[in-house]
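Trainee: how would this look folded up:
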Amino acid sequence: MTPTHRIAITGVGMVTPVGNDAATTWRHLTEGRSGVAPIAGFDARGFPARIGAEVKDFTDAPAIDPKLIKYAARAHRFALTAAEEAFTDAGIRPEPDTAEDWGCSVGAGMMGVSFSELEAVHAFCASEGEFRSQGLLHPRFPADPIAFCRSQTNTGLALLTRHFQIRGYATAVHTACASGGQALGTALKVMRRGRARFMLAGGYDSMINPIGLSGFCLLGALSTDNDAPERASRPFDATRNGFVLGEGAGFLVLEDWDHAHRRGARIYAEFAGDGNSLSSYRITDSHPSGDGPIQAMRQALDSAGLTPEEVDYVNAHGTSTLMNDRSECAALRAVMGPHIDRVAVSSTKSCMGHLIAAAGAVEAAVCALAIHHGIAPVNANHAKTDPDCAIRLVLGQSKPLRIRAAISNSLGFGGSNSCLAFRHPAEVAAG
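Mentor: Prediction:
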């Protein structure tokens, strides 16, 4: 890291299961309020898991161009609204003379085709267990060319850059649950290389549909505590039995530190470092030793110029699955060493479920707000500690805490691991 090239977080925007803006999300997370409930978006009675963390009562931000909405899937609409909030919060956005100085890096979800579109294809093309493509030419087939446009991985990126007139560096990342974190890490590296002076960076996803739910059910990854949805996501608890599928979006406005100071911007935190690794142990599990996450965390600390002793808070990946939580705790103990007993740890997935590609971005925003407000959010729904997860969890209620530095972990299916590091603005000034 070059100490003279620091990156400031000056804008935050979120759409989550616990709030349709950053302020509401933050308040409900610190109150330990759950966003998990029986799935309302479709009839899930035939599934083993019938609960989810859905975004509720969502409306598009008034500033979003209505003409773009027809090209946008549900997750893209979350992204546009969260990004608009982040720009408004930052008090800066691309202008005609700065558009090429702005970049955009997004963690994009994996669901490209809606269930209703698949139903239409099945109705016209499935015959005796075989796919017959001539059905697509049937005069009554509801062909919609825009549906193809919505299904592309980079559609959200295209909508964001078009709407906000971003004309610089642009990329979409998909690495499962690590997508949002790795998109933010990409933005950090782009800015440090001098390829952009400003970045809009974040992630978005929405997999609470019959296809997404069935896939995770088949993997046996979801909690089936359908009768107690508010307590179903309980990271690090001895009785945990799977994660809760969520949806949403989170975006940050990143800005050159000196530029942010010159214009008198509010700086939530320094975006100080990132680390990545690929475990490739199992599709759904990290190695019990925490090997891949260990690499990512150590890289992030090194990138930020931090020591473990300077980290006061960890926003854990903490999905509430048996193996992930144990592996992450093993990794935290290895990286933090004796300091592990003094660092506060919580998983905000306990309240809002697992937002998949959006998780790393939303949880990065949570870290920035935790540093800004001096509060470590609660690890909700914890009743009985798993001995393999005996770390200093934030239990009972959120805790006031001056956070000098924080890290956020995102450990994806398939072995992709991301860790992001953040520093309190006063620590930057002191250094």
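
Trainee: which residues in the stretch 1-150 of the chain form strands?
Mentor: Taking DSSP state E, counting those that start in this stretch, the strands of the stretch 1-150 of the chain run over residues 7-15, 37-38, 51-52, 102-107, 126-127, 130-131.

Trainee: So, low pLDDT: which residues of the stretch 1-150 of the chain?
Mentor: 1-4, 111-113, 145, 148-149 (pLDDT under 70).

Trainee: buried ones in the top helix by length along the chain?
Mentor: Longest helix of the chain, by residue count under DSSP state H: helix 74-90. The neighbour-count check on helix 74-90 (16 or more other Cβ atoms under 10 Å) flags 74-87, 89-90 as buried. In this view, the C-beta of every residue, glycine as well, is placed from N, C-alpha and C.

Trainee: Looking at those residues, which is nearest Trp257?
Mentor: Ala90 (13.6 Å; Cβ to Cβ).

Trainee: tell me, what residue is most central in the chain?
Mentor: Nearest to the geometric centre of the chain sits Ala359, at 2.0 Å (Cα atoms, centre = their mean).

Trainee: And that one, which helix or strand is it part of?
Mentor: In this structure, Ala359 sits in helix 359-373 according to DSSP states H and E.

Trainee: who touches the following helix or strand past that helix?
Mentor: Per DSSP H and E, the first helix or strand lying C-terminal to helix 359-373 is strand 375-376. For strand 375-376, the external contacting residues (Cβ atoms under 8 Å, 6 or more residues apart in numbering) are 30, 312-313, 344, 346, 370, 394, 398-401, 403.

Trainee: Moving C-terminal from strand 375-376, which element do we reach first?
Mentor: Following strand 375-376 in sequence, per DSSP H and E, is strand 399-400.

Trainee: Check the offset of that next one from the chain's centre.
Mentor: 23 Å (Cα atoms, centre = their mean, to the nearest Å).

Trainee: Quickly run through the sheet partners of it, with directions.
Mentor: Sheet pairing of strand 399-400 (DSSP bridges) gives strand 375-376 (antiparallel).

Trainee: neighbours around the residue nearest to Ile211 when sequence neighbours are not counted, how many?
Mentor: Once flanking residues are discounted, Ile211 sits nearest to Phe115: 5.6 Å by Cβ to Cβ, 6 or more residues apart in numbering. Applying other Cβ atoms under 10 Å, we find 15 other residues in the vicinity of Phe115.

Trainee: if I look at Tyr313, how far off is Gly181?
Mentor: Distance, Tyr313 to Gly181, using Cβ to Cβ, to the nearest Å: 16 Å.

Trainee: So between the two, which is more surrounded?
Mentor: The neighbour count for Tyr313 versus Gly181, taken as other Cβ under 10 Å, is higher for Gly181 (35 against 27).

Trainee: Secondary structure class of that one, three-state.
Mentor: For Gly181, the secondary-structure state derived from DSSP: H, G, I helix; E, B strand; the rest coil is helix.

Trainee: Wait, it touches Ile407, no?
Mentor: No - the criterion here is Cβ atoms under 8 Å, and Gly181 misses it with Ile407 at 10.5 Å.

Trainee: Find residues that contact each of the two.
Mentor: 419-420.
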